[in-house]
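1. Structure, please.
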Amino acid sequence: MHTYQQNSIKLIAGNSHIQLCEKVAAKLGIDIARVGAFQYTNTETAVAIGESVRDEDVYILQTGTGETEINDFVMELLFMINACRVASARRITAVIPSFPYARQDKKDKSRAPITAKLIANLLQTAGCNHVITMDLHASQIQGFFSIPVDNLYAEPSVLRYIREKYNKDDIIMVSPDAGGAKRVASLADKLDIQFALIHKERQKANEISRMVLVGDVTDKICILVDDIADTCGTLCKAADVLLENKARKVVCMVTHAILSQNAIDKLNGSKIDKLVCTNTLPIQDKLAKCHKMETLDISATLAEAIRRLHNGESVSYLFNHVPE
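-> A predicted model of the protein is given here:
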């Protein structure tokens with residue numbers, strides 16, 4: 001790994017995913033800066049900066065996580081950015097592996113807010129100069145910002161995992177809905193294999209949709225790919241459809257494993273053979289409850305993106321390669 005001036009980079013850990021920040025710091029060979037956020041007894045968030053950040057290149061790692069505390073983490077990130085801005089940091093980069101409110105990216109019903117755009121405005125108002133994120137739910141979110149946004153991909157890590165674990169003649173890539181077809185087609189193209197997709201047919205409004213498989217999965221290991229696994233309802237239903245169509249087994253691969261409410265119980269009771277997810281979100285407690293889960297570590301990709309950005313190098317190398 002290349003060298004850089006250690007005194008001109010500061011890595012700050014938000015409270016949302018300290019384990020990931022520790023891994024990134026270890027890969028960069030630096031210590032996490034002495035900056036902390038805590039709550040007063042009235043639940044107001046306060047930020048304390050324990051060392052100078054004047055004229056430094058600051059990276060704040062905070063991910064959009066939690067069933068109840070996601071808004072606390074968003075506010076914590078904004079306060080940390082603003083604290084560094086008023087402390088004369090040279091450049092402030094928000095490293096947000098899982099972008100909060102990314103699914104609220106369009107006005108899909110009357111009087112609905114475009115919340116992802118609001119989050120973009122808040123980050124910029126707080127004083128953010130650059131954003132690093134991973135597998136945005138909708139890539140047009142990059143256009144909500146007037147500052148540079150680097151949207152990294154988990155795809156190289158996913159491809160490496162598939163190549164190591166499976167024979168390409170045994171597998172087929174599957175998208176659980178039409179929206180993910182582009183992502184799955186890209187993976188299938190790079191692996192030189194077939195892909196299938198599941199189409200949701202709605203008979204009438206508010207009626208449970210029927211899932212129709214487009215493609216032949218007979219005697220294949222189906223690799224079901226999605227960007228977010230929240231309640232896991234779609235993945236579990238899709239697995240049933242694939243097995244009904246004579247698939248050998250179903251493996252799910254997702255970037256952001258939110259796994260809210262009773263998702264773990266659904267997974268344990270489902271016909272899914274394995275769920276492979278990245279560590280963009282903290283899932284240690286969920287791994288203990290579900291033997292079907294496996295993780296891909298993406299800390300090396302984030303660390304290399306920070307190093308390249310700091311040194312003024314191209315980040316596009318990471319779109320097709322997994323750094324060691």
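
2. low-scoring stretches of this protein, by residue?
-> Applying pLDDT under 70 to the chain flags the ranges 1-7, 66-67, 202-208.

3. Spell out the residue ranges of the helices in it.
-> Secondary structure of the chain by DSSP state H: the helices cover 18-28, 70-86, 115-126, 155-165, 181-191, 233-244, 263-269, 284-289, 299-310.

4. Return the most buried member of these.
-> helix 299-310 (a mean of 22; mean count of other Cβ atoms under 10 Å). Placement of C-beta: from N, CA and C, glycine included.

5. Could you name the helices and strands sitting against it?
-> On a contact count with 3 or more Cβ pairs under 8 Å, 6 or more residues apart in numbering; DSSP states H and E, helix 299-310 meets strand 9-13, helix 18-28, strand 57-61, strand 91-96, strand 130-134, strand 149-152.

6. Now do the fifth one: everything it contacts.
-> When you say that, I think you mean strand 130-134. Identification of contacts with strand 130-134 by Cβ atoms under 8 Å, 6 or more residues apart in numbering yields 59, 91-99, 123, 145, 147-154, 255, 278, 280, 298, 301-302, 305-306, 309.

7. List the strands paired with it, with their directions.
-> strand 91-96 (parallel), strand 149-152 (parallel) (DSSP bridges).

8. could you check the angle helix 299-310 makes with the longest one?
-> Yep, that's strand 91-96 we're talking about. Put simply, strand 91-96 runs at 160 degrees to helix 299-310, going by axes from the mean of the first three to the mean of the last three Cα atoms, to 10 degrees.

9. Tell me the spacing between the nearest residue to residue 116 once chain neighbours are set aside and residue 133.
-> Distance criterion Cβ to Cβ, 6 or more residues apart in numbering; nearest residue to residue 116, sequence neighbours excluded, is residue 105 at 4.5 Å. Note on residue 105: its distance to residue 133, by Cβ to Cβ, to the nearest Å, is 13 Å.

10. More neighbours: these two, which one.
-> Comparing residue 105 with residue 133 by other Cβ atoms under 10 Å, the one with more neighbours is residue 133, at 22 against 19.

11. which residues does that one bridge with?
-> Beta-bridge partners of residue 133, as defined by DSSP bridges: residue 96, residue 151.

12. Return the distance of stretch 32-47 from the chain's centre.
-> How far stretch 32-47 lies from its chain's middle: 25 Å, per Cα atoms, centre = their mean, to the nearest Å.

13. cool, stretch 65-84 as well?
-> With Cα atoms, centre = their mean as the basis, stretch 65-84 stands 17 Å off its chain's centre.

14. So what touches that stretch?
-> With contact meaning Cβ under 8 Å, 6+ apart, stretch 65-84 is reached by 12, 14-17, 35, 37, 39, 45-47, 49, 53, 58, 60, 62-64, 92, 94, 96, 98, 100, 119, 122-123, 126-128, 258, 260-261, 281-282.

15. I'd say residue 282 and residue 20 touch.
-> Yes. The pair residue 282 and residue 20 qualifies as a contact (Cβ atoms under 8 Å) at a distance of 7.4 Å.

16. which residues do these two both contact?
-> Common contact partners of residue 282 and residue 20 (Cβ under 8 Å, 6+ apart): residue 63.
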